[in-house]
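1. prediction below, plus the sequence it came from.
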Amino acid sequence: SGKEKWPRGDETVWKTNMRGVDADVGDITKSVVNHVQTSLARQAYNLDNLGAYQAAALSVRDNMLVNWNETQLHYTRKAPKRAYYLSLEFLMGRTLDNALLNLDLKSQYKDGINQLGFSLEDLLEEERDAALGNGGLGRLAACYLDSSASQDLPVWGYGLRYKYGIFQQLISPEGNQLEAPDPWLDNQNPWELPRIDVNYEVRFYGQSERLSEGHGRALWTGGQEVLAVAYDVMIPGCNTRNTNNLRLWESKPKRGFDLNSFNAGNYEGAVESSNSAAAITSVLYPNDHTTFGKELRLKQQYFWTAASLADIIRRFKNLGKSINEFPDYVAIQLNDTHPTLAIPELMRILIDEEDLDWNFAWQIVTNVFFFTNHTVLPEALEKWPVPLMEHILPRHMQIIYDIKAVSNTNTFAARIFLQAVEKKFPGDRERLARMSLIEEGFPKQVRMANLACIGSRRINGVAELHSKLVQTTILKDFVEFFGVSKFGNVTNGITPRRWLDQCNPELSKLISSTLKIDKSVWLKDLYKLKDLVKYAADKGFRAEWAAIKQRNKERLAHHIETTLGFTVNTNAMFDVQIKRLHEYKRQTLNILGVIHRYLELKALTPALRKKVNPKVVFFAGKAAPAFFKTIRLIVNVARVINADPETKDYLSLYFLPDYSVSLAEVLIPASDISQHISTAGTEASGTSNMKFCLNGGLLVGTVDGANIEIAEEVGEENVFFFGHLTPAVEDLRYQHMYHPVPVDEACPPLANVLNQISGGLFGDGGVYEPLVNTIRQGDYYLVTDDFDSYIRALAMVDEAYLDRDEWVKKSICTTANMGKFSSDRAIMDYAQEYWNLEPIPVGKD
Ligand code: NBX
């Protein structure tokens with residue numbers, strides 16, 4: 001009962017026994033040894049690196065928990081408005097190093113671990129990546145959690161606890177991608193806290209019966225009920241006690257198994273329903289940009305949004321406020337359309353369970369949700385077949401039809417849109433059809449972007465150009481309907497904690513000592529880096545800067561040598577393209593450029609070749625099945641080039657398998673240049689471009705996504721731009737269609753490259769025929785149209801690299817001007833311009 005004394009027992013006993021954060025080495029070794037003995041039940045004399053890592057992790061976790069508990073208590077007492085980041089993907093990577101740095105305990109743990117006979121660096125390598133994401137969208141969510149905690153903002157993440165994260169990529173001897181499961185939880189995960197007591201029932205299938213005419217209540221019964229169980233992951237802020245939470249849901253059968261079947265001796269039937277419940281959170285879908293029509297994926301989306309909303313509403317109700325104050329206490333960010341079912345789900349709760357009137361419920365809903373779009377590629381816009389939705393979520397399908405009817409005829413629509421449309425475009429039925437939540441066809445489909453757009457308070461894109469394109473293409477009708485103020489831009493950002501301090505410790509140290517400020521200051525105000533510009537003129541500083549880049553290249557070479565057995569030439573320029581493989585990202589342009597460079601080298605005399613700057617090209621990235629051929633080509637080109645005695649000192653090429661956050665942390669600090677070469681208008685933002693530049697790598701790129709804003713900040717003289725601009729892209733595609741020009745005429749050097757591939761220079765040319773023909777025919781992503789200008793940009797890179805002093809200046813000025821791209825800036829934008837959220841620092845009042 002509420003009158004119970006709390007805490008129970010003797011309050012002073014509680015207080016004197018509450019632990020704080022371990023500050024000195026003695027406390028740390030004691031806590032690690034304690035975990036070895038008790039949590040792991042192991043002995044000091046047969047402890048391996050994995051065991052020592054686990055004990056160290058548990059000890060660090062204890063320290064995080066002290067702060068986590070304090071933070072949650074503080075938030076509960078202060079009862080501020082909170083924001084929730086709903087993302088089907090969180091690509092967290094490793095935790096231990098990041099936690100040690102954010103808690104400022106790294107040097108103490110280093111000493112303590114040393115005293116116990118281990119090396120902290122070795123232990124860090126024992127940790128498996130948490131890879132619950134495909135690429136940029138999932139990693140962005142992870143950076144945003146770090147920035148929310150670091151700026152004391154009361155933000156929680158909600159996602160799914162997949163048993164298997166993104167697949168492990170293997171490359172077969174022929175160069176094909178092979179996929180293996182990622183059993184990341186097999187060694188146990190010290191970073192998650194199971195909350196068996198926090199669970200919700202989620203219904204699927206069944207019947208929905210309307211209880212009144214029109215848009216009133218309904219009763220949804222029957223079907224299958226699945227249990228959602230919470231697992232909490234602590235998110236420590238940098239240099240603050242604020243520690244936020246990422247809550248991941250696991251699906252479980254509601255009852256262990258079906259007792260009737262079990263009693264009847266039908267053991268398999270008895271576990272069947274438990275298997276289907278567990279399947280919901282078993283695996284992350286590995287496709288980026290398309291995964292539609294799959295029943296299990298739809299079930300994942302609903303399972304996760306229903307459990308998260310139930311949890312958010314329960315927390316809100318504990319405040320004792322009336323439901324109409326919900327938008328004053330809760331903001332929910334929808335990371336792409338994947339959580340859009342939260343909109344009809346909140347309607348269902350408000351109407352069917354809270355008994356609110358339809359219009360009132362809709363007013364609450366449209367003040368709670370915010371929607372971020374991450375792509376304008378038309379094939380990537382999520383749609384669900386109406387029959388599938390009706391089957392799995394009958395009540396939500398009714399609500400979607402109600403929203404459709406009401407939003408097209410009711411107050412706001414009629415007043416603002418329909419009348420205006422009638423006046424401006426009498427009888428414009430096409431416009432209504434485009435804006436409808438339902439796409440006509442066989443079958444009819446629900447358009448999730450339209451639903452997210454109608455149901456949200458504000459909508460944003462992820463870089464200036466992208467946000468413009470969202471407003472002028474896919475959501476144009478909605479801008480004309482709602483007015484432009486509902487639409488905005490928040491340019492993406494990256495956390496400088498992981499993407500500089502953690503992955504490039506030497507550079508971080510040099511920055512702090514040069515600027516004469518503690519790293520905790522500039523890491524939380526990245527604009528401070530600007531002061532580095534004046535040191536670009538300092539020869540000694542440039543030498544140190546260049547030496548760090550060199551050591552990072554050696555670190556990468558060492559990593560490759562020990563994991564893959566290749567010896568990499570560290571005197572070469574390192575040129576890196578690492579990202580998901582996708583046609584629009586144009587890894588093909590890069591590999592065709594490499595072949596072109598190889599053919600040119602072959603044509604030189606040995607004496608002239610000696611004047612060429614050596615270059616090593618790195619690729620990494622996982623592919624959806626449609627793009628396997630590109631990997632195969634890269635691997636087979638590498639095989640030929642790396643074995644050619646005439647050229648191998650001047651050009652070599654590596655495809656590094658199984659790209660991950662941890663691999664990125666080694667590659668990025670080692671790059672001289674990196675490639676971000678999407679067809680203009682197709683890459684919404686890109687975020688690795690920011691990571692490379694922050695680490696002093698220069699950018700080769702198209703005028704696309706956040707490349708544009710990076711060039712604005714660092715100066716166009718420090719970026720190697722090439723290619724057609726966005727407005728030209730459509731015209732070129734039109735020309736391809738109606739006035740095709742053969743590639744031999746359009747671009748002879750490219751035609752030569754394609755002929756060499758077909759001719760078998762890299763093994764059976766027939767294998768690559770589909771890929772090569774796509775380009776010969778003038779491909780949709782304009783490889784032919786951009787090839788010449790791409791080759792010229794790379795020639796300019798070579799020329800600039802010859803003047804090493806100038807190059808290092810460019811590198812310094814690039815890092816110095818990356819302040820804008822801290823995810824702290826981005827998340828503060830969301831907090832102020834979207835969520836209306838205040839920082840709630842722990843222990844400061
Ligand atoms: O989101 C990416 C964009 O392509 C990048 O330009 C952008 O920088 C980044 C962050 O805003 N999108 C992305 O990574 N999408 C997915 O991974 C994805 C995964 C599943 C799915 C659709 C998209 N069904």
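-> Happy to help now that I have it. Not measured: the values here are computed from a predicted model. Numbers count the residues shown, from 1 in each chain.

2. what is the mean pLDDT for the lengthiest helix in the chain?
-> Counting residues, the longest helix in the chain under DSSP state H turns out to be helix 49-78. Average pLDDT, helix 49-78: 97.

3. so which elements touch that helix?
-> helix 25-34, helix 96-102, helix 106-115, helix 120-126, strand 224-236, strand 243-253 (3 or more CB pairs under 8 Å, 6 or more residues apart in numbering; DSSP states H and E). Glycine gets a C-beta too; all of them are placed from N, C-alpha and C.

4. so what touches the host helix or strand of Val470?
-> Element membership for Val470, per DSSP states H and E: helix 464-472. The contact list for helix 464-472 (CB atoms under 8 Å, 6 or more residues apart in numbering) reads 373, 376, 459-461, 479, 484, 487-489, 491, 681, 684-685, 704-705, 708-709, 726.

5. and with 10 Å instead?
-> By CB atoms under 10 Å, 6 or more residues apart in numbering, the surrounding residues in contact with helix 464-472 are 373-376, 449, 453, 459-463, 475-476, 478-480, 484, 486-492, 680-686, 703-709, 712, 726.

6. so which of those residues also contact the ligand?
-> 374-375, 462, 492, 683-686, 705 (CB under 6 Å from any ligand atom).

7. got the angle for the longest helix of the chain vs strand 243-253?
-> 110 degrees (axes from the mean of the first three to the mean of the last three CA atoms, to 10 degrees).

8. chain center to helix 49-78: distance?
-> Relative to its chain's centre, helix 49-78 lies at 24 Å (CA atoms, centre = their mean, to the nearest Å).

9. repeat for stretch 785-797
-> Distance, stretch centre to chain centre, for stretch 785-797: 30 Å (CA atoms, centre = their mean).

10. neighbours around the nearest residue to Gly759 once chain neighbours are set aside, how many?
-> Nearest residue to Gly759, sequence neighbours excluded (CB to CB, 6 or more residues apart in numbering): Gly765, at 5.8 Å. Burial of Gly765 is recorded as 16 neighbouring residues (other CB atoms under 10 Å).

11. and if you look at Gly763?
-> Neighbourhood size, Gly763 [other CB under 10 Å]: 18.

12. ok, the residue nearest to Gly759 to the ligand distance?
-> Distance, Gly765 to the ligand, using CB to the nearest ligand atom, to the nearest Å: 32 Å.

13. repeat for Glu354
-> According to CB to the nearest ligand atom, Glu354 and the ligand sit 32 Å apart.

14. what about the residue of the stretch 101-250 of the chain at minimum distance from the ligand, how many neighbours?
-> Ranking the residues of the stretch 101-250 of the chain by distance to the ligand (CB to the nearest ligand atom) places Gly136 first, at 3.0 Å. Neighbours of Gly136 under the rule other CB under 10 Å: 23.

15. kindly report the residues of the stretch 301-450 of the chain close to the ligand.
-> Residues of the stretch 301-450 of the chain that fall close to the ligand, judged by CB under 6 Å from any ligand atom: 374-375.

16. the stretch 301-450 of the chain: helices as residue ranges?
-> With DSSP state H, counting those that start in this stretch, the ranges of helices along the stretch 301-450 of the chain come out as 326-329, 342-348, 358-368, 386-392, 394-409, 411-412, 419-424, 429-435, 448-455.

17. can you redo the ones you listed as a markdown table, where the extra columns are distance to Lys820 and mean pLDDT?
-> Putting the helices of the stretch 301-450 of the chain into a markdown table (distance: least, CB to CB, whole Å; pLDDT from 0 to 100) gives the following:
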| stretch | distance to Lys820 | mean pLDDT |
| --- | --- | --- |
| helix 326-329 | 30 | 98 |
| helix 342-348 | 31 | 98 |
| helix 358-368 | 29 | 95 |
| helix 386-392 | 41 | 97 |
| helix 394-409 | 37 | 84 |
| helix 411-412 | 36 | 47 |
| helix 419-424 | 37 | 60 |
| helix 429-435 | 35 | 87 |
| helix 448-455 | 27 | 97 |
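
18. so can I have JSON lines of these showing mean neighbour count?
-> Below are the helices of the stretch 301-450 of the chain laid out as JSON lines (neighbours: other CB atoms under 10 Å):
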{"stretch": "helix 326-329", "mean neighbour count": "17"}
{"stretch": "helix 342-348", "mean neighbour count": "25"}
{"stretch": "helix 358-368", "mean neighbour count": "19"}
{"stretch": "helix 386-392", "mean neighbour count": "17"}
{"stretch": "helix 394-409", "mean neighbour count": "19"}
{"stretch": "helix 411-412", "mean neighbour count": "14"}
{"stretch": "helix 419-424", "mean neighbour count": "12"}
{"stretch": "helix 429-435", "mean neighbour count": "14"}
{"stretch": "helix 448-455", "mean neighbour count": "24"}
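
19. next helix or strand past the helix holding Val470?
-> In N-to-C order, the element after helix 464-472 by DSSP H and E is helix 476-482.

20. pLDDT (mean, whole number) over that next one?
-> Mean pLDDT, computed over helix 476-482, is 93.

21. who does the next helix or strand after it touch, helix- and strand-wise?
-> As assigned by DSSP H and E, the chain's next helix or strand after helix 476-482 is strand 487-489. Contact here means 3 or more CB pairs under 10 Å, 6 or more residues apart in numbering; DSSP states H and E; on that basis strand 487-489 packs against strand 458-461, helix 464-472.

22. strand 487-489 pairs with which strands, and in what direction?
-> Partners of strand 487-489 in the sheet, by DSSP bridges, are strand 458-461 (parallel).

23. just the residues contacting the partner strand, thanks.
-> So strand 458-461 is contacted by 333-334, 369-376, 449, 452-453, 466-471, 474-475, 478-479, 482, 485-492, 684-685, 829-830, 833-835 (CB under 10 Å, 6+ apart).

24. farthest residue from the center of this structure?
-> Ala264 (47.9 Å; CA atoms, centre = their mean).

25. would you list the buried entries among the ones next to the ligand among the contacts of helix 464-472?
-> When those are checked for burial by 16 or more other CB atoms under 10 Å, the buried set is 374-375, 462, 492, 683-686, 705.

26. can I get those in JSON lines with distance to His215 and pLDDT?
-> Listed next are these as JSON lines, based on distance: CB to CB, whole Å; pLDDT from 0 to 100:
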{"residue": "His374", "distance to His215": "32", "pLDDT": "98"}
{"residue": "Thr375", "distance to His215": "32", "pLDDT": "98"}
{"residue": "Val462", "distance to His215": "34", "pLDDT": "98"}
{"residue": "Asn492", "distance to His215": "38", "pLDDT": "98"}
{"residue": "Glu683", "distance to His215": "41", "pLDDT": "98"}
{"residue": "Ala684", "distance to His215": "35", "pLDDT": "98"}
{"residue": "Ser685", "distance to His215": "38", "pLDDT": "98"}
{"residue": "Gly686", "distance to His215": "42", "pLDDT": "98"}
{"residue": "Gly705", "distance to His215": "41", "pLDDT": "98"}
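
27. max pairwise distance over the residues you listed: which two?
-> Thr375 and Asn492 (12.9 Å; CB to CB).

28. which residue, other than its chain neighbours, is closest to Leu123?
-> Tyr53 (4.2 Å).

29. quick check: that neighbour touching Ile113?
-> Yes. Contact criterion CB atoms under 10 Å: Tyr53 and Ile113 qualify, at 9.5 Å.

30. tell me how many other residues crowd the closest residue to the ligand within the stretch 501-650 of the chain.
-> Closest to the ligand within the stretch 501-650 of the chain is Arg580: 7.0 Å, counting by CB to the nearest ligand atom. By other CB under 10 Å, the residues close to Arg580 number 20.

31. which ones are touching the nearest residue to it once chain neighbours are set aside?
-> Nearest non-adjacent residue to Arg580, counting by CB to CB, 6+ apart: Gly135, 4.4 Å away. Neighbour list for Gly135: 89, 91, 166, 288-289, 579-580, 582, 585, 621-622, 659, 687-688 [criterion: CB under 10 Å, 6+ apart].

32. pLDDT score for Gly135?
-> pLDDT, Gly135: 98.

33. cool, and Lys579?
-> 98.

34. repeat for Gly593
-> Gly593 carries a pLDDT score of 98 in this model.
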